[in-house]
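Participant: Kindly generate the corresponding structure for this input.
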Amino acid sequence: MNEVVQSKGIVIFSGGSAANSLVDVFTSLTETKKCSLSYVIPISDNGGSSSELIRVFGGPGIGDVRSRLVRLIPENADGDDGQDVHKAAIKAFFNHRLSNDKQKARLEWLDIVEARDELWTNISTSRKELIRSFLNFLNLEIVKRIRPSSAFNFSTASIGNLFLTGARIFTGSFESAIYLLSTICSVPAQISVLPAINTNHTHHISAGLSNGLTIVGQNAISHPSIPTSLPESTLSLSHETYAHDSIEDANLPGSLPSLRKPNIAFSKTDEEDLPARIERIWYINPYGQEIRPPANPKVLEALDAAHTVIYSIGSLYTSIVPSLILRDVGATLASPRIRHKILILNSTNDRETGPSSNPYTAVDFVAAIARAAAESRGLDKAPEPEEYKMYVTHVIHLEGPGTPNVEKARLADLGIETVRLYGRTGEGKGLRYDEKALLQALEVIVGKRDGRRDWNRRNTEA
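Facilitator: Numbering: from 1, shown residues only. Predicted structure coming up:
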């Protein structure tokens, strides 16, 4: 985009895969408003192949950051080579996962670092050798860390995650690693991908349920897995901790065993209910003690310069809330300088917004966001309902089978506007947002379109 970008911008709070489906909408909104766009991404994910990177190297959960950067590769803007085939090759390369067979994955990895794999086809020599230098650096670090009790498991590893890890370790800076991948992916200059915490350390979260149970680690909160709540028996916890302490890896001695599991497998489709509603999310150190980390200063700068904040679709308590509870985020969100604070409501309730016998309504979603922001501010009590509009001014939602109930009159009483959209049947269960209708709704709210005169009545309804 060659036009001058306004100082005011748009900030999107999101996780990875779900919000990726709306990236084109947000990019189009930015272009019509001629402003900057910042994605705030949490770094607390400890599932899948990320758990093995964290176990061996420490550092933040980087999968969602990598996913967003690769999704932002432009489809209609030439890179250095001037051909779309090169951009497609870069996208396929960084999204590629190695075999789930441990030995096959290791051999595939060696073919990649030695430039024999066909994934390199159509990637320019300049980019190929730059990428390969960081992968070879990481390979050396992996070899150096091999111990009789511990070796890196390449199964299902994401090449993009391996690259980001190598770049982070080489430069000593997560921010620099993101800049490097962003440059290779030709991400437009007006778009930033900001980790919620700019760190070289691992940050985990815990969830407190209404029945008193505490669940440790993002993966255990978000997806069905072996229970990882704190054991009732101190003896069993000590025994398991002792067993893990005999393994040489990046974990500190005495760290919670539930945070040290390698290659945590999970399912995004077969979800089972949590035993009770989530009441609170907080960050913990490796020993399970609560901590209050600061937000990435660049996140606060983006919020200070924003006219619009959007809470995107995705997992409420593991994609949105971990960014909101960080120090100083809530106070900045509460500022009246940010005119529009828009919640795009999920089309279905999931494991985090159940159980199915008592699913979240739109008011519950808004209340959770307000509680997280108040927590960030260090307030001793949850905000009163009339304070919710400090953090959410609009709710965009779908209506149909399986969608969360939206109490329009109740939200109106709280000073929160609702916009109903007609969705499309998505793959699997539930509806999905129509991109054109969602863009129209966002343009109306932020002021590009002239109120209801520009409103497509077939796609939207207040």
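
Participant: and the longest helix seen in the chain, which residues are buried?
Facilitator: Looking only at the chain and at elements set by DSSP state H, the helix with the highest residue count is helix 125-144. Of the residues in helix 125-144, those buried by neighbour count under the rule 16 or more other C-beta atoms under 10 Å are Arg127, Lys128, Ile131, Arg132, Phe134, Leu135, Phe137, Leu138, Asn139, Glu141, Ile142. All C-beta atoms are positioned from the backbone trio N, CA, C, and that covers glycine.

Participant: Just send the residues you listed back as TSV, with pLDDT and distance to Thr32 too.
Facilitator: Rendered in TSV, the data for those read as follows (pLDDT from 0 to 100; distance: C-beta to C-beta, whole Å):
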residue	pLDDT	distance to Thr32
Arg127	95	32
Lys128	96	36
Ile131	98	34
Arg132	98	39
Phe134	98	37
Leu135	98	39
Phe137	98	42
Leu138	98	40
Asn139	98	45
Glu141	97	45
Ile142	97	46
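
Participant: And these, which is closest to Leu110?
Facilitator: Taking C-beta to C-beta as the measure, Leu110 lies nearest Asn139 of these, at 8.2 Å.

Participant: From what I see, the closest one and Val113 are in contact.
Facilitator: Yes - here Asn139 reaches Val113: they are 5.1 Å apart, a contact under C-beta atoms under 8 Å.

Participant: Now do stretch 376-394: everything it contacts.
Facilitator: Counting by C-beta atoms under 8 Å, 6 or more residues apart in numbering, the neighbours of stretch 376-394 from elsewhere in the structure are 311, 324-331, 333-334, 339-343, 366-367, 369-371, 373-374, 414-419, 445.

Participant: tell me which residues in that stretch are buried?
Facilitator: Of all the residues in stretch 376-394, those buried under the rule 16+ other C-beta under 10 Å are Ser376, Arg377, Pro383, Glu387, Tyr388, Lys389, Met390, Tyr391, Val392, Thr393, His394.

Participant: same deal with stretch 58-77?
Facilitator: Residues 58-73 are the ones in stretch 58-77 that count as buried (16+ other C-beta under 10 Å).

Participant: What of stretch 293-312?
Facilitator: Of the residues in stretch 293-312, those buried under the neighbour-count criterion (16+ other C-beta under 10 Å) are 293, 295-296, 299-300, 302-303, 305-312.

Participant: pLDDT-wise, which helix or strand of this protein ranks last?
Facilitator: Ranked by mean pLDDT, DSSP states H and E, the weakest helix or strand in the chain is strand 460-461, scoring a mean of 48.

Participant: thinking again about what came up before, of the contacts of stretch 376-394, which belong to helices?
Facilitator: Taking DSSP H, the ones among those that sit in helices are 324, 329-331, 333, 366-367, 369-371, 373-374, 445.

Participant: And those residues, which is closest to Pro401?
Facilitator: Out of those, the member with the shortest distance to Pro401 (by C-beta to C-beta) is Val366, at 22.4 Å.

Participant: Under the pLDDT cut-off, which ranges of the stretch 251-400 of the chain? List them.
Facilitator: Residues of the stretch 251-400 of the chain that meet the criterion pLDDT under 70 lie in 262-271.

Participant: Before I go, just wanted to say thanks for your time.
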